[in-house]
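Visitor: I'd like to go over a predicted model; first the sequence, then the structure.
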Amino acid sequence: MAYIVGVDRNQTRMITTSLDDLIDKDNSVRVIDAYVESLDLQDLGFIEYNGSNRGQSPYRRSDLLKLHIYGYLNKIRSSRALEVEAKRNLELMWLINSITPDHGTIAGFVKKNKEAFHNTLRNLTLILKGWGLIDGKLIAIDGTKIKAQNSKHNCITQSGLDKKIEYAESQIKAYLMAMEKEDGSKENFKEKLQAYQDLKEQYLIQKQELKNEGLEQKSLTDTDSRRMKNNGSLDICYNVQSVVDAKNHFVIDISTTNDINDQNQLYVMAKDAVELLTVEEVTVIADTGYYNGIEIKNCVDDGMNVYIKKAKANNSTKDNEFRKEKFSYNKKQDVYICPAGNELSFFENTSKNGMKYRKYKCSNCNSCKYKNACTSSKSGRTIQRWEHEDILETVYQNTWNNNDIYKQRRCIVEHPFGTIKRTLGYSFFLRRQMDNVDAEAASMFIAYNLKRLLSMFSTQELIKKLE
Ligand code: SF4
């Protein structure tokens, strides 16, 4: 049978080619080259990195940045893998002029330029705005949990330590009892007893450290990471927040946090996007996880239009027909009207977590046939009203009136996270500590935005835009 056998590897070739001849004119690596060449790296904060060897001449920062971006676009994140690729990958040889930095130099470049990667993401947003691809009229905010370099076992909590101490104590007790009964194996028991006593001591010290530092939990390997809910299970993660522009689903900016939920992120993320894009009018959409009265008020006070849905507030009986939303507020008379048509009048001021509330109470509950469904309180149903509740009511009404816009939220925000986590496989960080991880997250989203550009335009079109 005749096979396709190629050319003998020992045959001398007469035809010489340049690296440029081997890289197709439409190869996306040419876009990375044009993009990095278009940047003012000094202005973005990139410094030259001399490498780990003393006296070594530095590589050009543009070459190391091109290598880094190429890696993130092609699922090659580790410095060791990039070192190998730089020696055998024709695209990379073309892109970085056949330099072969070692992994120490590649990792060191990232470490020395942490902030510059975030600046580059923000700069890319401004480039995209300049091209009319981002307009900042409708923005969606969402967060995703990305696993940290810290195992679950290396995260301590007060309750976890209590359980461990309890177990160590039960073992100590068991060995003490065994030692009293069986004289022959005392030495063996002694060792195990000592081991559990040491463990108990270690747990007690950790418990005291948590208490002294005022922490609920502490990660021992990556101290900035936290245990948080991630797709239904508890993992040690970072919470990466993103603002995505609705026009073409480009990521405007990100923030890496270790907050275990999204409740304090709405305003800071929306404000960041508004200031970066310098837009006057903006509509912000976010899911119920971001619902926080103060955050919403801050956005509204800054002139933002907010569409957000509130989690259903349960009353004590958990009967949906008697939730707070079923009670209407009459502003003129300053009373709530309950589903049975009775009034709840103001009776006291209260405050919680620095927020002031007015409390309203119904005086007809004892004779009401719905009482058992409405409240478990013997003295009757009460309703609390925040002093700025009118802002939340307007936002609630606007959200329902613009439900078609609100419904776009999922489609807007899930595209970047889907690409980052599933297409590129970046569901965990390689580095430790917040600033290093933030540089990694920024690199992921630079890669996402470039990937999106490459799907919208041809290589030649992008190179022309970048000239
Ligand atoms: S229990 Fe009181 S507040 Fe509830 S529906 Fe009856 S009258 Fe109204």
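Guide: Right, received. Where do you want to start? Numbering: from 1, shown residues only.
Visitor: Three-state assignment for Ala311, please.
Guide: Put simply, Ala311 is coil when judged by DSSP: H, G, I helix; E, B strand; the rest coil.
Visitor: Assess the claim that it and Tyr291 are in contact.
Guide: Yes. Using CB atoms under 8 Å, Ala311 is in contact with Tyr291, at 6.3 Å. In short, each C-beta sits where N, CA and C put it, glycine included.
Visitor: In contact with Asn315, which residues are there?
Guide: Asn315 is in contact with Phe322, Arg323, Lys324, Cys374, Thr375, Arg381, counting by CB atoms under 8 Å, 6 or more residues apart in numbering.
Visitor: Count the neighbours of the last one for me.
Guide: Arg381 sits with 27 neighbouring residues when counted by other CB atoms under 10 Å.
Visitor: ok, whichever residue of the stretch 51-200 of the chain sits closest to the ligand - how many residues close by?
Guide: Closest to the ligand within the stretch 51-200 of the chain is Ile141: 36.3 Å, counting by CB to the nearest ligand atom. Neighbour count of Ile141, defined by other CB under 10 Å: 28.
Visitor: for Pro416, same thing?
Guide: 24.
Visitor: Look at Asn239 and give its secondary structure.
Guide: Relying on three-state DSSP, one would call Asn239 strand.
Visitor: My read is that it contacts Ile260, right?
Guide: Yes. The pair Asn239 and Ile260 passes the contact test of CB under 8 Å, sitting 7.1 Å apart.
Visitor: Mind checking which of those two has more residues around it?
Guide: Asn239 (21 against 16).
Visitor: in the sheet, who's paired with the more buried one?
Guide: For Asn239, the beta-bridge assignment (DSSP bridges) gives partners Lys145, Thr257.
Visitor: Quick check: it vs Leu121, distance?
Guide: 17 Å (CB to CB, to the nearest Å).
Visitor: and if you look at Leu95?
Guide: 20 Å.
Visitor: cool, and Lys309?
Guide: Distance, Lys309 to Leu121, by CB to CB: 29 Å.
Visitor: repeat for Tyr291
Guide: For Tyr291, the distance to Leu121 (CB to CB) stands at 27 Å.
Visitor: Compare those two (neighbour count), which wins?
Guide: Leu121 (22 against 18).
Visitor: who's in contact with the more buried one?
Guide: Leu121 neighbours (CB under 8 Å, 6+ apart): Val251, Asp253, Ile254, Ala442, Phe445, Ile446, Asn449.
Visitor: Need the per-residue pLDDT for the residue nearest in space to the middle of the chain.
Guide: In the chain, the C-alpha nearest the mean C-alpha coordinate belongs to Val240, at 1.2 Å (CA atoms, centre = their mean). Looking at Val240, its pLDDT stands at 97.
Visitor: my guess is it contacts Ile146, does it?
Guide: Yes. Contact status for Val240 versus Ile146: in contact at 5.5 Å, counting by CB under 8 Å.
Visitor: Overlap in contacts, those two.
Guide: Ala441.
Visitor: packing partners for the longest helix along the chain?
Guide: Longest helix of the chain, by residue count under DSSP state H: helix 186-213. Where contact means 3 or more CB pairs under 8 Å, 6 or more residues apart in numbering; DSSP states H and E, helix 186-213 is packed against strand 155-157, helix 158-181, strand 217-219.
Visitor: Mean confidence (pLDDT) on it, please.
Guide: On average, helix 186-213 scores 88.
Visitor: Ok, stretch 96-108 next?
Guide: 93.
Visitor: what's the burial count for the residue of the stretch 151-300 of the chain found nearest the ligand?
Guide: Going by CB to the nearest ligand atom, the ligand is nearest to Gly293 of the stretch 151-300 of the chain, at 23.4 Å. Gly293 has 16 neighbours, counted by other CB under 10 Å.
Visitor: where does it land on pLDDT?
Guide: 94.
Visitor: Was I right to think it contacts His388?
Guide: Yes. Between Gly293 and His388 there is a contact under CB under 8 Å: 6.7 Å.
Visitor: ok, for Gln333, nearest residue in space, not its chain neighbours?
Guide: Closest residue to Gln333 apart from its sequence neighbours, by CB to CB, 6 or more residues apart in numbering: Glu343 at 7.9 Å.
Visitor: how many neighbours does the one you found have?
Guide: By the criterion of other CB under 10 Å, Glu343 has 15 neighbours.
Visitor: before we move on, back to that, residues in contact with both of Asn239 and Ile260, list them for me.
Guide: Common neighbours of Asn239 and Ile260 (CB under 8 Å, 6+ apart) are Arg226, Met228.
Visitor: Flag every residue of the stretch 251-400 of the chain that's near the ligand.
Guide: Within the stretch 251-400 of the chain, the residues that sit near the ligand (CB under 6 Å from any ligand atom) are 338-340, 342, 362, 364-365, 368, 370-371, 374-375, 380-381.
Visitor: Please spell out the ChimeraX selection for the buried subset of those.
Guide: Typed into ChimeraX, the line below selects the buried ones among those, using 16 or more other CB atoms under 10 Å:
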select :338,342,362,365,368,370,371,374,375,380,381
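Visitor: out of the residues of the stretch 251-400 of the chain next to the ligand, which are inside helices?
Guide: Short answer: those in helices (DSSP H) are Lys371, Cys374.
Visitor: right, and Leu44 touches Glu115 too?
Guide: No. Using CB under 8 Å, Leu44 is not in contact with Glu115, being 9.0 Å away.
Visitor: if we can go back for a sec, which of the residues of the stretch 251-400 of the chain next to the ligand fall in strands?
Guide: The strands, defined by DSSP state E, take in Cys362 from those.
Visitor: which other residues reach stretch 268-280?
Guide: Outside stretch 268-280, the residues that reach it (CB under 8 Å, 6+ apart) are 122, 125-126, 129, 134-137, 139, 141, 241-243, 252-253, 255, 282, 284, 298-299, 302-304, 306.
Visitor: Going by neighbour count, list what's buried in it.
Guide: Neighbour count says stretch 268-280 has Met269, Ala270, Lys271, Asp272, Ala273, Val274, Leu276, Leu277, Val279 buried, by 16+ other CB under 10 Å.
Visitor: hey, C-alpha coordinates of whichever strand or helix holds Leu276 in CSV?
Guide: Assigned by DSSP states H and E, Leu276 falls within helix 266-277. C-alpha atoms of helix 266-277 as CSV (Å, rounded to 0.1, in the frame of the first residue of the first chain):
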residue,chain,number,x,y,z
LEU,A,266,-22.4,46.3,43.4
TYR,A,267,-21.5,50.0,43.9
VAL,A,268,-17.7,49.6,43.8
MET,A,269,-17.8,47.7,40.5
ALA,A,270,-20.4,49.9,38.9
LYS,A,271,-18.5,53.1,39.9
ASP,A,272,-15.3,51.7,38.6
ALA,A,273,-16.8,51.0,35.2
VAL,A,274,-18.5,54.5,35.0
GLU,A,275,-15.2,56.2,36.0
LEU,A,276,-13.1,54.2,33.5
LEU,A,277,-15.5,54.7,30.6
